[in-house]
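Q: test case, fold it:
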Amino acid sequence: MTTSDDQPEAAPRAFRHVPRLPDVGGVGWNFVAIYAAAYTGMWMALLSPVLVGLAMRVHALDPAHATGSLSLVMGVGALLALFGNPFFGQLSDRTTSRFGMRRPWLIAGALGGAAGLAIVARAASVPQVLLGWCVAQLAYNAQLAALVAILSDQVPPRQRGTVSGIVGVSLPVGMVGGTWLVQALSSSTQAMFLTPAAVAVAGAVGLAWALPDRRLAAAQRPRYGLHEFLGSFWISPSRFPDFGWVWCSRFLLFAGVSVLMTYQGLYLIHQLGRPPAEVPRLIFLSTLVQSGAVVVFSGVGGGLSDAVGRRKVFVFGAALVYALALLVIAFAASYAWFLAGMAITGAGQGMYLAVDLALVTDVLPDREAHAARNLGIFNIATVMPQSLMPAVASGVLAASGGRYTVLFVVAAILVALGAWAIQPVRGVR
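A: Below is the predicted model:
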C-alpha cells in the first residue's frame with residue numbers, strides 16, 4: 001500500500017520502534033537470539049513429524065502398509081516443499097504490505113503450518129495425513145523463505161559467518177526439542193503435533209515484533225509473469241557458476257543427510273537388530289548426541305570462518321567429515337558405534353551448515369531485489385534429495401539384498417562428491 005506520493009505508509013504502531021538498521025551497521029545479540037529462536041521453533045514443528053511423528057501416525061492408521069504409506073506422505077510433502085520455498089520467496093520479494101516484506105510470511109507460514117499439523121493429528125486415514133502434511137510443508141516453507149532472506153536483508157557480510165553459525169544451531173536444537181516433545185507427549189496425538197507448532201508460532205511472532213523489516217513501495221514492485229514464475233526455480237549456472245557449484249555441493253551433502261534421516265529407524269531394526277518398540281528412544285538419544293556436536297561445531301566454525309576470512313576450506317572439510325561419519329555408521333557393529341558415527345555427523349553437519357549459508361549469501365546473485373527468491377532456489381538443494389533419495393535408496397537396497405551397509409557407503413560417496421563440488425567456486429576464498 002502507498003500514499004498519494006508513492007511513499008510507503010507509516011508502519012503500524014507496534015512496529016514503529018524498530019527502524020531499519022543502516023547498511024554499515026550490524027545486528028545486536030538480542031536480535032540474533034530472537035532470530036535463532038524463530039528458526040528453532042520452525043525446525044521443531046517441521047522436523048519432529050519427519051523424524052518420529054509421521055511414522056507413528058501412519059503406523060497407527062495403516063500398520064499393514066506403513067512403509068509404503070510413509071514413503072508416499074514424505075515424498076509428496078517433499079515435492080511441495082521443493083515448489084513452495086522458491087515460490088513463496090518470490091512472493092516475499094514482491095510484498096508491499098504495510099507490515100513489511102517478510103513479516104506477513106513469517107506469521108502466515110507459522111499459522112498455516114499449525115493448521116496442517118492439526119489436520120495430521122486428527123486424521124482418520126492416510127489420505128488425510130497426506131493432506132495435512134502437504135499444507136504444513138507449504139506453509140512452513142513460506143516461513144522458511146522469509147527466515148532465510150532476513151540473513152541477507154539485515155546482517156552485514158562481516159557478521160554472516162557468526163550469525164549463520166548461531167542459526168545453524170537452531171536445526172539440531174529444534175530436532176532434539178521436537179523429538180523430546182514427541183516422546184514426552186506420545187500419549188496424546190494432538191499434543192504431540194500441536195505443541196511444537198505452538199512453539200513455532202510464538203517464535204514467529206517474537207521475530208515479527210523485533211524485525212526492522214524492509215518495506216517495498218508498490219511502484220517499486222518487480223514485474224511478475226510466467227517468465228518470473230519459472231525463474232522462481234532456476235538460476236543459470238553458466239551465468240552464475242559460483243552459485244551453481246555451491247548449490248550442487250549442498251544437494252550432494254543433503255543426499256547423504258536424507259538417507260540417514262529417513263532410514264536410521266529401519267537401520268536400527270534390520271541391521272542392528274533392535275526391537276521396534278525401542279526405536280523412538282534410540283533415535284532421541286542419537287539425535288541428542290548428534291545435536292550436541294552440531295551446536296559446538298556450528299558456533300565454532302562460523303566464528304572461525306569470519307575471523308580468517310575464508311569459507312571454502314571449512315565447507316570442504318566439513319563435507320569430508322560427514323562422509324567419514326556415514327562410513328562409520330555403514331560398518332557399525334553395535335549401537336555404541338552407531339552413536340559414535342552420529343556424533344561425527346554432527347561435527348561435519350554443524351560446520352557445513354554454519355559456513356555454507358554464509359558462503360552462498362556471499363555469492364548470491366541479485367541480492368538486493370531477489371534475495372528470498374534466490375535463497376529459495378538454493379533451498380531446493382536441501383529439499384530435493386528428500387524426494388529423490390527414497391527411490392534411489394529403494395533401488396540400492398533391492399540390488400544389495402537389503403544391506404544397509406551398501407546404502408550408507410553410497411551415501412558417503414555422494415557426500416564426498418559434495419566436498420569436491422565446492423572447489424571450483426572462485427568468488428569466495
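
Q: check which helix or strand covers G132.
A: Taking DSSP states H and E as the criterion, G132 maps to helix 126-154.

Q: nope, A208 is what I was after
A: A208 belongs to helix 189-210 when assigned by DSSP H and E.

Q: coming back round to it: so which elements touch the helix holding G132?
A: Secondary-structure packing of helix 126-154 (3 or more C-beta pairs under 8 Å, 6 or more residues apart in numbering; DSSP states H and E): helix 29-48, helix 54-61, helix 66-93, helix 103-122, helix 157-184, helix 189-210, helix 335-362, helix 367-399. For glycine as for every other residue, the C-beta is placed from the backbone atoms N, C-alpha and C.

Q: least confident of the ones you listed, on average?
A: When those are compared on mean pLDDT, helix 367-399 scores lowest, with a mean of 75.

Q: could you check that one and say which residues are buried?
A: Neighbour-count burial for helix 367-399, counted by 16 or more other C-beta atoms under 10 Å, picks out 370-390, 392-393, 396-397.

Q: now it: how far from the chain's centre is it?
A: 11 Å (C-alpha atoms, centre = their mean, to the nearest Å).

Q: determine the set of other helices and strands touching that helix.
A: Judged by 3+ C-beta pairs under 8 Å, 6+ apart, helix 367-399 is in contact with helix 66-93, helix 126-154, helix 241-270, helix 335-362, helix 404-421.

Q: now the second one: mean pLDDT?
A: I take that to be helix 126-154. For helix 126-154, the per-residue pLDDT averages 89.

Q: again with the shortest one
A: Here helix 404-421 scores 94 as its mean pLDDT.

Q: who are the packing partners of it?
A: Under the contact definition 3+ C-beta pairs under 8 Å, 6+ apart, helix 404-421 sits against helix 241-270, helix 312-330, helix 367-399.

Q: now do 10 Å
A: Using 3 or more C-beta pairs under 10 Å, 6 or more residues apart in numbering; DSSP states H and E as the contact test, the elements touching helix 404-421 are helix 241-270, helix 312-330, helix 335-362, helix 367-399.

Q: any chance of TSV for these, columns distance to V73?
A: Formatted as TSV, the helices and strands packed on helix 404-421 follow (distance: least, C-beta to C-beta, whole Å):
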stretch	distance to V73
helix 241-270	12
helix 312-330	25
helix 335-362	25
helix 367-399	11
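
Q: select, out of those helices, the one closest to L144.
A: helix 367-399 (6.9 Å; C-beta to C-beta).

Q: how close does G401 sit to H270?
A: G401 is 11 Å from H270, where distance means C-beta to C-beta, to the nearest Å.

Q: comparing these two, which shows the higher neighbour count?
A: A count of neighbours by other C-beta atoms under 10 Å puts H270 above the other of G401 and H270, at 14 against 7.

Q: contacting residues around that one?
A: H270 makes contact with 263, 397, 402-404, according to C-beta atoms under 10 Å, 6 or more residues apart in numbering.

Q: give me that answer again for 8 Å
A: By C-beta atoms under 8 Å, 6 or more residues apart in numbering, the contact set of H270 is 402, 404.

Q: next one: S400
A: For S400, the contacting residues are 406-407, by C-beta under 8 Å, 6+ apart.

Q: ok, it to S394 distance?
A: Taking C-beta to C-beta, one finds S400 at 11 Å from S394.

Q: I'd like the helices and strands packed on helix 367-399 laid out as CSV, including distance to L185.
A: As requested, the helices and strands packed on helix 367-399 are exported to CSV (distance: least, C-beta to C-beta, whole Å):
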stretch, distance to L185
helix 66-93, 20
helix 126-154, 17
helix 241-270, 19
helix 335-362, 24
helix 404-421, 30
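
Q: so which of these gets nearest F31?
A: helix 126-154 (7.5 Å).

Q: tell me the angle of that closest one relative to helix 103-122?
A: Interaxial angle of helix 126-154 relative to helix 103-122 (axes from the mean of the first three to the mean of the last three C-alpha atoms, to 10 degrees): 160 degrees.

Q: A149: neighbour count?
A: Using other C-beta under 10 Å, A149 has 25 other residues around it.

Q: identify the residues contacting the closest residue to T382 other than its chain neighbours.
A: Distances taken as C-beta to C-beta, 6 or more residues apart in numbering put F254 closest to T382, at 5.2 Å, once the chain neighbours are dropped. Neighbouring residues of F254 by C-beta under 8 Å, 6+ apart: 381-382, 385-386.

Q: closest to F316 among those?
A: For the contacts of F254, the nearest to F316 is A381 (16.5 Å; C-beta to C-beta).

Q: right, and the closest one touches W247 too?
A: Yes. Distance between A381 and W247: 4.9 Å, which falls inside the contact criterion (C-beta atoms under 8 Å).

Q: thinking again about what came up before, and the helices and strands packed on helix 126-154: which comes nearest A146?
A: Using C-beta to C-beta, the helices and strands packed on helix 126-154 put helix 103-122 closest to A146, at 4.0 Å.

Q: got the CA positions of the closest one in CSV?
A: C-alpha atoms of helix 103-122 as CSV (Å, rounded to 0.1, in the frame of the first residue of the first chain):
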residue,chain,number,x,y,z
ARG,A,103,6.6,-10.3,8.5
PRO,A,104,3.4,-11.4,6.7
TRP,A,105,5.1,-14.7,5.6
LEU,A,106,6.6,-15.3,9.0
ILE,A,107,3.2,-15.2,10.7
ALA,A,108,1.1,-16.7,7.9
GLY,A,109,3.6,-19.6,7.5
ALA,A,110,3.6,-20.4,11.2
LEU,A,111,-0.2,-20.3,11.5
GLY,A,112,-0.7,-22.3,8.3
GLY,A,113,1.8,-24.9,9.4
ALA,A,114,0.0,-25.3,12.7
ALA,A,115,-3.3,-25.8,10.8
GLY,A,116,-1.6,-28.5,8.6
LEU,A,117,-0.3,-30.4,11.7
ALA,A,118,-3.8,-30.2,13.3
ILE,A,119,-5.1,-32.0,10.3
VAL,A,120,-2.4,-34.7,10.7
ALA,A,121,-3.2,-35.0,14.4
ARG,A,122,-6.9,-35.5,13.8
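
Q: quick one on the thing from earlier: per-residue confidence for the residue nearest to T382?
A: 91.
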